[in-house]
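> let me see the structure of the following:
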Amino acid sequence: MINKIKLDDIELIAREAGKAVMEIYKKDFSIEYKEDNSPLTEADLKANDIICSSLEKLYPSIPLISEENAEIDFEIRKRWEYYWCIDPIDGTKEFVKKNGEFTINIALIYKNIPVLGVVYAPAIDTLYKAKKGEGAFKNTVLLPLNRDDNLYIIAISNSHLTPKYQKFVENMPSSKEKKVVKKGSSLKLCMVASGEVDIYPRLSPCMEWDTSAGDAIVRESGKMVYQFGTEQPLVYNKESLLNPWFVVE
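Got it, this is the predicted structure:
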């Protein structure tokens with residue numbers, strides 16, 4: 001199945017969604033709040049419609065999960081071999097703040113493992129992508145990049161900074177000088193994949209659609225997303241779509 005999927009097609013879908021999102025981003029827009037108090041804008045819904053309808057047209061036999069769609073019962077999901085995992089806008093809080101640090105995430109999952117991912121940050125026109133066996137890229141540059149410094153760079157979330165992260169940074173053993181970089185959305189996973197940062201700990205809740213596309217890029221770059229405190233990779237299509245804590249390195 002994966003051999004029939006063209007990564008360029010998924011990139012085009014992400015870019016189309018990004019173009020629509022940016023039209024809304026540049027004007028005043030209304031904000032609603034879900035039951036979990038997370039924000040929702042018309043841009044989330046517009047991007048979701050573009051992505052889901054495009055994937056269903058190109059690959060009608062592959063089911064999908066999206067943050068903005070109704071949740072599908074695990075008794076149905078557990079029988080899936082392949083499925084799309086979508087976050088139309090990852091980092092809606094960053095979108096609302098208009099700081100540019102939000103992404104459009106599209107991933108293909110095969111037997112609980114992300115095997116294709118596109119992460120597009122339309123406000124800065126930066127696209128990360130990967131397909132299993134074909135390499136990972138930032139725009140057109142193969143990852144990881146070479147970095148020439150004597151720093152140990154730790155990525156931390158803009159919107160979920162807690163004392164747990166401070167303790168993690170303080171306890172991280174390194175002979176290099178530590179530097180903390182705050183960044184929104186799945187850009188943090190992609191920055192580990194690219195080599196721009198060394199590690200990204202996630203010590204607060206997030207969902208499978210927040211990580212799946214970035215995770216595919218991380219894995220294809222030769223890095224991994226580990227469940228916190230273990231050497232076990234993050235897995236997908238769990239009965240609960242909530243991720244455990246994890247570390248990307």
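> centre of the chain to the lowest-mean-pLDDT helix or strand in the chain, how far?
One helix or strand of the chain scores below all others by mean pLDDT, DSSP states H and E: helix 163-171, with a mean of 85. Centroid separation for helix 163-171 versus its chain: 23 Å, with CA atoms, centre = their mean, to the nearest Å.
> against which helices or strands is that helix packed?
strand 151-157 (3 or more CB pairs under 8 Å, 6 or more residues apart in numbering; DSSP states H and E). Placement of C-beta: from N, CA and C, glycine included.
> on that earlier part again, name every strand pairing with the helix or strand following the least confident helix or strand of the chain and say which way it goes.
Where DSSP states H and E defines the elements, the next helix or strand beyond helix 163-171 is strand 177-183. The pairing partners recorded for strand 177-183 under DSSP bridges are strand 151-157 (parallel).
> contacts for the partner strand?
For strand 151-157, contacts defined as CB atoms under 8 Å, 6 or more residues apart in numbering pick out 165, 168-169, 172, 174, 176-184, 188, 191-192, 196-202, 204.
> hmm, which of these are the buried ones?
Among those, those scoring as buried are 165, 168-169, 183-184, 188, 191-192, 196-202 (criterion: 16 or more other CB atoms under 10 Å).
> could I get the full set of helices for the protein?
7-25, 42-58, 74-77, 92-97, 163-171, 187-194, 208-220 (DSSP state H).
> least reliable of the ones you listed by average pLDDT, please.
Across the helices of the chain, helix 163-171 has the smallest mean pLDDT, namely a mean of 85.
> got the contact list for stretch 10-27?
For stretch 10-27, the surrounding residues in contact (CB under 8 Å, 6+ apart) are 41-43, 46-47, 50-51, 54-55, 88-89, 95, 98, 104, 106, 108, 116, 118-120, 122-123, 127, 129.
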